[in-house]
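Novice: Predicted structure and sequence below. I'll ask about it afterward.
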Amino acid sequence: MARVRNTTQGTLLGDSVDVARTKGARTRGLLGRRRLSRGEGMWIVPCGSIHTLFMQFAIDVLYLDREQRVVRMEPALRPWNFSWGPVGAQSVLELPAGVIRATGTQTGDRLAIEE
């Protein structure tokens, strides 16, 4: 479990974020979940692209570089879609839809992920 803060904006993105580091956990991701509650999410490490096939809800997606800076955002990615990060993306943070807007998160912001 991890706590994720946007240190640039001074906001909390999640305090119950699962960390997926193993191949099985990265492959499974959020599949099988019916929703993400406020404060929940998943940090997938390493990861440069995702899909929302078979998912039942939209998610906010943040692609992060090695320094945990936001290099691409995908707000409210709907089910049955694919998303690819830019060159340099090292991990993906999946959050409930609306978190990007609510926290004012922007490309270039630095995150602090405390496991």
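Specialist: Received it, and whenever you're ready, just let me know what you need.
Novice: contacting residues for the residue positioned nearest the centre of the chain?
Specialist: Central residue of the chain (Cα atoms, centre = their mean): Leu93, 1.7 Å from the mean position. Leu93 makes contact with 4, 13, 17, 41-44, 61-62, 64, 111, 113 under the criterion Cβ atoms under 8 Å, 6 or more residues apart in numbering. No exception for glycine: its C-beta is placed from N, CA and C like everyone else's.
Novice: with those in mind, which one is nearest to Gly32?
Specialist: Met42 (12.0 Å; Cβ to Cβ).
Novice: what kind of secondary structure is the closest one in?
Specialist: Secondary structure assignment for Met42 (DSSP: H, G, I helix; E, B strand; the rest coil): strand.
Novice: Count the residues that sit near it.
Specialist: Met42 is flanked by 24 other residues according to other Cβ atoms under 10 Å.
Novice: who's it bridged to?
Specialist: On the basis of DSSP bridges, Met42 is bridged to Asp18, Glu94.
Novice: my guess is it contacts Leu30, does it?
Specialist: Yes: if you go by Cβ atoms under 8 Å, Met42 and Leu30 touch, sitting 5.8 Å apart.
Novice: Between the two, which contacts overlap?
Specialist: In contact with both Met42 and Leu30: Glu94, using Cβ under 8 Å, 6+ apart.
Novice: Poorly predicted segments of this structure, please.
Specialist: Within the chain, the set of residues satisfying pLDDT under 70 is empty.
Novice: All the strands of it, residue numbers only.
Specialist: For the chain, strands defined by DSSP state E occupy the ranges 2-6, 11-20, 40-44, 49-51, 59-64, 70-77, 82-84, 91-96, 111-114.
Novice: Generate JSON lines for those strands, with distance to Arg26 as supplementary columns.
Specialist: Output for these, formatted as JSON lines (distance: least, Cβ to Cβ, whole Å):
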{"stretch": "strand 2-6", "distance to Arg26": "15"}
{"stretch": "strand 11-20", "distance to Arg26": "5"}
{"stretch": "strand 40-44", "distance to Arg26": "5"}
{"stretch": "strand 49-51", "distance to Arg26": "10"}
{"stretch": "strand 59-64", "distance to Arg26": "14"}
{"stretch": "strand 70-77", "distance to Arg26": "17"}
{"stretch": "strand 82-84", "distance to Arg26": "15"}
{"stretch": "strand 91-96", "distance to Arg26": "9"}
{"stretch": "strand 111-114", "distance to Arg26": "16"}
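Novice: Okay then, goodbye and thanks.
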